[in-house]
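S.K.: After the sequence you'll find the predicted model.
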Amino acid sequence: METTRVNAVFEGGGVRGISLTGAVRAAEEHGIVFDRVAGTSSGSIIAALLAAGYTADEMKAAIERTPPSSLLTRSAFFNLKPIGPALRLFLRKGLYSGKRLEQWIAELLAVKGVCAFGDLPEGKLRIIASDITNGKLLVLPGDIAQYGISPERLSVARAVRMSTSIPYFFDPVLLRQPYKERKKRAVASKFSYVVDGGLLSNFPLWLFRHDESSEETAPVIGFQMVGRSDAQPHRIDGPISMFQAMFETMLSAHDERYIEKNKEIRTIKIPTLGIGGTEFHLSPEKSEALYRSGLEAGEKFFRNWDRKLGMLKVTIAKRT
């Protein structure tokens, strides 16, 4: 089978990320080979596993072995209602710990011999996170150097945890700010709070469009989860549910202007079937339906891939 190398960007979408594996399966069936990959939130999970060498079938099996609800961990004391969850939120800044998710990703990557970014080819993987202390977007691993950490030594699983830390839902990741930065900028806090990359760029297609380090311009394919307007109305019964509703609504507006302005970027649009991004108690039937949705969307896209790739080449040729 003839193969085509592409750069791929995976959008964040919470538990709906399994739909991305279906689209990846369709890409594999059409001879697509992933060169460089990037993602935000659940998209960072798929990007990291692809960078490590996982196939779509392997990713699907790994996700099915670990139900999303099993990643929601906290001590028994904080489960005591009504004060437990609120107290944990006050003390830890999150309803649940992100340690189990990080451990799960680390275990999966270790199977492929990957621990830190230095174990991957340079530029192979990029992950988006948000530093809310300093109010800036982080492109990992490169931007971790701002905190005195070597990009090559940054744990891939830790970067994924940063990108998937939904505010107030999972604990933020704390990064110690270098002393010289605190002194130069008169920053009162010794730590930066890093949370879900979706706050600032949930679908970072721009990552590979302005990269001059590559000698060749590879096609960029976006894997996007759509259909949020079909979801059921959010039930608001407190500050946490209100924030979750605000967060999911906000994600739907991110990065759309960039997509509209850059028509040469091809996007696989995967229907999410009205399933919410924070439905962590997702049934096996819904999980399978999401996977099938991604597979069908990918098949539909790649049936016309030859024609779309030709259009992309023409666009690039005109610009150069």
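M.R.: Here it is on my side, so go on. The shown structure was predicted, so the numbers you read here are calculated from the model rather than taken from an experiment.

S.K.: I figured Ile105 hits Ser163, correct?
M.R.: No. Assessed by CB atoms under 8 Å, Ile105 is found out of contact with Ser163, at 10.5 Å. Every C-beta, even on glycine, is put in place using the N, C-alpha and C of the backbone.

S.K.: neighbour-wise, which of those two wins?
M.R.: Ser163 (29 against 24; other CB atoms under 10 Å).

S.K.: what's the following helix or strand after the helix or strand encompassing the more buried one?
M.R.: Here Ser163 sits within helix 156-164, counting by DSSP states H and E. Moving toward the C-terminus from helix 156-164, the first helix or strand encountered (DSSP H and E) is strand 168-170.

S.K.: Show me which positions of the helix or strand just after that following strand end up buried.
M.R.: Downstream of strand 168-170, the next assigned helix or strand under DSSP H and E is strand 173-176. Neighbour-count burial for strand 173-176, with 16 or more other CB atoms under 10 Å as criterion, is recorded at Val173, Leu175.

S.K.: what ranges of the stretch 201-320 of the chain fall below the confidence cut-off?
M.R.: Within the stretch 201-320 of the chain, the segments meeting pLDDT under 70 span 209-216, 228-265, 306-320.

S.K.: hmm, 50 instead?
M.R.: 212-214, 229-231, 255, 258, 307-320 (pLDDT under 50).

S.K.: what's the answer for the stretch 51-200 of the chain, then?
M.R.: Those would be none, if you go by pLDDT under 50 across the stretch 51-200 of the chain.

S.K.: go again using 70 as the cut-off
M.R.: For the stretch 51-200 of the chain, the ranges with pLDDT under 70 are 179-189.

S.K.: how about the strands of it, start to end?
M.R.: Applying DSSP state E, counting those that start in this stretch to the stretch 51-200 of the chain gives strands spanning 94-96, 125-131, 136-140, 168-170, 173-176, 191-196.

S.K.: what's the single longest helix in this protein?
M.R.: helix 284-303 (DSSP state H).

S.K.: Report all helices and strands that that helix contacts.
M.R.: If you count contacts as 3 or more CB pairs under 8 Å, 6 or more residues apart in numbering; DSSP states H and E, helix 284-303 packs onto helix 18-29, helix 56-65, strand 266-271.

S.K.: I'd like the ones you listed as TSV, with mean neighbour count appended.
M.R.: TSV is the format used below for those (neighbours: other CB atoms under 10 Å):
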stretch	mean neighbour count
helix 18-29	25
helix 56-65	17
strand 266-271	19
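
S.K.: I'd like the ones you listed as CSV, with distance to Gly197 appended.
M.R.: Putting the helices and strands packed on helix 284-303 into CSV (distance: least, CB to CB, whole Å) gives the following:
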stretch, distance to Gly197
helix 18-29, 15
helix 56-65, 20
strand 266-271, 18
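
S.K.: can you pull the contacts of Gly142?
M.R.: Arg126, Pro151 (CB atoms under 8 Å, 6 or more residues apart in numbering).

S.K.: cutoff 7 Å now
M.R.: Pro151 (CB atoms under 7 Å, 6 or more residues apart in numbering).

S.K.: With adjacent residues omitted, what lies nearest to Arg126?
M.R.: Closest residue in space to Arg126, ignoring its immediate chain neighbours: Ala38 at 4.1 Å, by CB to CB, 6 or more residues apart in numbering.

S.K.: And what about the one you found, helix, strand or coil?
M.R.: Recorded secondary structure, Ala38: strand (DSSP: H, G, I helix; E, B strand; the rest coil).

S.K.: Ser287 against Ser19, yeah?
M.R.: No. Ser287 is not in contact with Ser19 according to CB atoms under 7 Å; the separation is 9.2 Å.

S.K.: ok, back up a step: which of the helices and strands packed on helix 284-303 sits closest to Ser155?
M.R.: With CB to CB, the closest approach to Ser155 among these belongs to helix 56-65: 18.2 Å.

S.K.: So which residues make contact with that closest one?
M.R.: Residues outside helix 56-65 that contact it (CB under 7 Å, 6+ apart): Ile18, Thr21, Val24, Arg25, Glu28, Ile46, Leu49, Leu108, Ser287, Tyr291.

S.K.: 6 Å instead, please
M.R.: For helix 56-65, the surrounding residues in contact (CB atoms under 6 Å, 6 or more residues apart in numbering) are Ile18, Thr21, Val24, Arg25, Glu28, Leu49, Leu108.
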